[in-house]
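**Q** Sequence plus the predicted model coming up.
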Amino acid sequence: MKKQYLLFSGIALIALSIIFSCSKKNNDSITPTYKEDATGTGGNPNANNQTVTGTSTLTNPATANSNLVVGGSGWSNPTCVSTNSITLKGYNGSVEVTLNFLTPPSTGTYAIAANPSTNAVSMTVLNAPNQPSGIVWYAKSGNVAVSTTTSAIQASFNGIICTQQTFNFPTVGVSGNLGCN
C-alpha cells in the first residue's frame, strides 16, 4: 500500500509540474512571444533593410602615414578681405588647408589646439594627398609662426601632426606656409 501511495504521489507530482511548466505566464514586461500572439506581421517590417542593435564597428579607411608641404607652386591662397581675417586657407586641387584664429592674428607664435583661443590656432586638412578623399584631418600638436603687416598675413609651420577625429593613426604631417594679402 505504501508503494502504491508513493507511486501515485510521484505520478501526480510529475503531472502537476508538466501542467505548470507548459502554461503561459502573463506578465507586463517586454518579452519575446509566439508569432500568433504578437501584433503585426511577426517578421521584419522592412525586409530589405536590416535592423541592427548595439553599436557598429568603425573602420578607418586610411592605412598609411603621409606628409603634405603647403605653399609654393600649385597652391592658391585667397586674398583676405582685410588684415582682420581670422581664417587663412590654401588650396591645391582638392586639398584644402585651413588655419582658424579666435581673433585677427598678430605677429607671434600660436600653439596648435582643438579650438582657437587667444594664443592658439586650429588647423584642418581636407583631402590630404595619399589618403582617401573626403577625410578631414585635425592638427593635434605643433606651433604656427605668424607675421602680419598692414596688408598681409603670413603663417609658417613645420611638422604639424594631424589625425582623424575618431582615429589617432595614421597621421598626416603638415609643413609650409599659408598667407593672404
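**A** Received it, and whenever you're ready, just let me know what you need.
**Q** From one end of stretch 73-93 to the other, what's the distance?
**A** Start and end residues of stretch 73-93 are separated by 12 Å (C-alpha to C-alpha, to the nearest Å).
**Q** for that stretch, the distance to its chain's centre please.
**A** Stretch 73-93 sits 27 Å away from the centroid of its parent chain (C-alpha atoms, centre = their mean, to the nearest Å).
**Q** list the buried ones in that stretch?
**A** Trp75, Asn77, Cys80, Thr83, Ser85, Leu88, Lys89, Gly90, Tyr91, Asn92 (16 or more other C-beta atoms under 10 Å). Yep, even glycine has a C-beta here, placed from its N, CA and C like the rest.
**Q** do the same with stretch 150-159
**A** Across stretch 150-159, burial judged by 16+ other C-beta under 10 Å covers Ile153, Gln154, Ala155, Ser156, Phe157.
**Q** Out of those residues, flag the one nearest to Ser117.
**A** The closest of the buried residues of stretch 150-159 to Ser117 turns out to be Ala155 (C-beta to C-beta; 16.1 Å).
**Q** Look at the closest one and report its pLDDT.
**A** Per-residue pLDDT puts Ala155 at 94.
**Q** before we move on, which element is it in?
**A** Element membership for Ala155 (DSSP states H and E) is strand 153-163.
**Q** now for that strand, which elements pack on it?
**A** Other helices and strands packing on strand 153-163, by 3 or more C-beta pairs under 8 Å, 6 or more residues apart in numbering; DSSP states H and E, are strand 120-126, strand 136-141, strand 143-148, strand 172-180.
**Q** how about these in a markdown table, adding distance to Gly10 and mean neighbour count?
**A** Shown next, in a markdown table, are the helices and strands packed on strand 153-163 (distance: least, C-beta to C-beta, whole Å; neighbours: other C-beta atoms under 10 Å):
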| stretch | distance to Gly10 | mean neighbour count |
| --- | --- | --- |
| strand 120-126 | 78 | 20 |
| strand 136-141 | 74 | 18 |
| strand 143-148 | 86 | 17 |
| strand 172-180 | 77 | 19 |
